[in-house]
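>>> Predicted model and sequence follow; I will ask about them next.
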Amino acid sequence: MSGIQERVQEAINELVASGAERGLQVAVYRGGKLVVDAVAGIADPATGRPVTSDTPFFSYSIGKGVAATVLHVLAERTGLSYDTPIVELWPEFGANGKQGATIRHALSQSVGVPGLPRDVTIEDLCDWDKMCAIIAAAEPWWEPGTKIGYHAVTFGYIVGEIIRRVSGKPIAQALRDEVAGPLGVAGELFFAIPPSEQGRLAWLEDAQTGDAQAGGMPEGLPEDSPLLKLGPAECTTAAYGNRADVRSASIPAGGTVTARAVARMYAALLGEVDGVRLISPERLREVSAVAMAGQDEIFGFPTAWGLGYSIESEPGAPAVFGVGGVGGSYAFADVGNGYSFALTKNRLTPSFETAQRIAGIVREALAAEARPSAL
């Protein structure tokens, strides 16, 4: 194994041994090649089943980047413009002043419908047609395209319904046909999980932080907090991600992935992977450029989004784009350095500390390998 593989493996072994993490996967592609495929720990504490490279993890908002990728592949093939009004594909979406909303607005977290009625249940989230009807009828919080705010739950239905209207396929099938199948990871990159596959998944757990659990909404939020209007509070807990009905439904604000599958997907956005390139270099530049930035209307901090991915780069620098999920899983592509990274885990912690630590090890190791040797 390469030095970078050994360094990552040592680090995740230490995280599991210390009790900070239960089970982890890390994968890195560089130049279209898998250079890290590391696992550690336990997928299911009840049985002792270990994490393997093909253990799928319900990874929450990592699925947003997967959903966006499906739409980009369809746009590449069909010529669909991101500036197409959503109503041209989905007429019902134009209700209550949303006629001007475009696909670009939906992908850049600026379409203006981040919230859901307070009485929406988890069972409702599993009903695609019901959720799309609720969102289509919603009154926008702001004029589409004028502000940015994280669409924690609604993003997946909006992008997924656009995909369905363009392709004629439910998003789970479109993912298989357009992305997962061509990349050879149809068994590791999912929205709706077939019942026969659910026994393979990692079992999630909420990390204990003092006397509280990391999962769920923060305590003490005021009644008018935007956070309480995004969807059922249970959506951020391990119990939610362990539910069989949630796992078997398409709720593409979240997704179920292995680290190596989602890293492979991002690698195929950057370039060719075993003969497959998902989008052109020109489209890569477009989707990874900042499409909308400003103060997030939900969280109150500065944010920047491309077309379906959070952008973390400095102005003028090559993009680093991707999406992290509740509990600390993360996946991204680094355009300037030509690599993709994914970390999945089953202990839901309240930060991305583990992902940041391992990504830092990867970044340093790849930089060291790129430096010319001293004579």
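Yep, it's here.

>>> Could you use CA atoms for every contact and neighbour count after this?
Fine.

>>> Okay, buried residues for stretch 289-302 please.
289-293, 296-298 (16 or more other C-alpha atoms under 10 Å).

>>> What of stretch 28-45?
Neighbour counts over stretch 28-45 (16+ other C-alpha under 10 Å) mark 28-32, 34-44 as buried.

>>> cool, stretch 88-95 as well?
Quick answer for stretch 88-95 (16+ other C-alpha under 10 Å): 89-90, 92-94.

>>> Pick the one among those residues closest to D334.
The nearest member of the buried residues of stretch 88-95 to D334, counting by C-alpha to C-alpha, is L89 at 32.5 Å.

>>> helices and strands of this protein: which one bottoms out on pLDDT?
Here the helix or strand of the chain ranked lowest by mean pLDDT, DSSP states H and E is strand 212-213, holding a mean of 44.

>>> which residues of the stretch 101-250 of the chain fall in helices?
Counting by DSSP state H, counting those that start in this stretch, one finds helices in the stretch 101-250 of the chain at the ranges 103-107, 122-125, 128-137, 154-167, 171-175, 181-183, 238-242, 244-248.

>>> List the residues that contact the residue nearest to I12 when sequence neighbours are not counted.
If the residues on either side of it in the chain are set aside, I12 comes closest to A40, at 6.2 Å by C-alpha to C-alpha, 6 or more residues apart in numbering. A40 sits next to 9, 12-13, 16, 23-25, 50-52 when contact means C-alpha atoms under 8 Å, 6 or more residues apart in numbering.

>>> Ok, D296 next?
147-150, 302-303.

>>> Most neighbours among those, which one?
In terms of neighbour count, G149 stands highest of those at 29 neighbours, by other C-alpha atoms under 10 Å.

>>> surely that residue meets A106?
No: in this structure, G149 is not within contact of A106 by C-alpha atoms under 8 Å, at 10.9 Å.

>>> Ramachandran coordinates for the residue lying closest to R165 once chain neighbours are set aside?
Distances taken as C-alpha to C-alpha, 6+ apart place L89 nearest to R165, at 6.0 Å, with adjacent residues excluded. Torsion angles at L89 (phi, psi; degrees, to the nearest 10) stand at phi -100, psi -30.

>>> I'd like to know how far L89 sits from T78.
Going from L89 to T78 by C-alpha to C-alpha, to the nearest Å gives 14 Å.

>>> Name the SS class of the residue nearest to I12, please.
strand (DSSP: H, G, I helix; E, B strand; the rest coil).

>>> Quickly list what it is bridged to.
Counting by DSSP bridges, A40 forms beta bridges with L24.

>>> Tell me the spacing between it and K98.
Counting by C-alpha to C-alpha - A40 and K98 are separated by 47 Å.

>>> Figure out which of the helices of the stretch 101-250 of the chain is closest to A207.
So among the helices of the stretch 101-250 of the chain, helix 238-242 is nearest, using C-alpha to C-alpha, at 9.2 Å.

>>> So for the residue sitting nearest the centre point of the chain, what's the pLDDT?
Geometric centre of the chain, nearest residue: I62, 1.6 Å, by C-alpha atoms, centre = their mean. For I62, the pLDDT comes out at 96.

>>> next one: phi and psi at it?
Per degrees, to the nearest 10, the residue geometry at I62, taken as phi and psi, is phi -50, psi -30.

>>> give the contact list for it.
Contact analysis of I62 by C-alpha under 8 Å, 6+ apart lists 253-255, 322-325, 329-331.

>>> Repeat that for A268.
A268 sits in contact with 32, 276-279, where contact means C-alpha under 8 Å, 6+ apart.

>>> Would you format these as CSV with secondary structure included?
Converted to CSV, the contacts of A268 look like this (three-state DSSP):
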residue, secondary structure
G32, coil
V276, strand
R277, coil
L278, coil
I279, coil
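
>>> can you tell me which two in those residues are farthest apart?
It's G32 and I279 that sit farthest apart of these, by C-alpha to C-alpha, at 13.9 Å.

>>> can you give me the strands for the stretch 51-200 of the chain?
57-58, 189-190 (DSSP state E, counting those that start in this stretch).

>>> Export these as TSV, with columns for mean pLDDT, mean neighbour count and distance to L269.
Formatted as TSV, those follow (pLDDT from 0 to 100; neighbours: other C-alpha atoms under 10 Å; distance: least, C-alpha to C-alpha, whole Å):
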stretch	mean pLDDT	mean neighbour count	distance to L269
strand 57-58	96	30	22
strand 189-190	96	30	15
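
>>> Great, nothing more from me.
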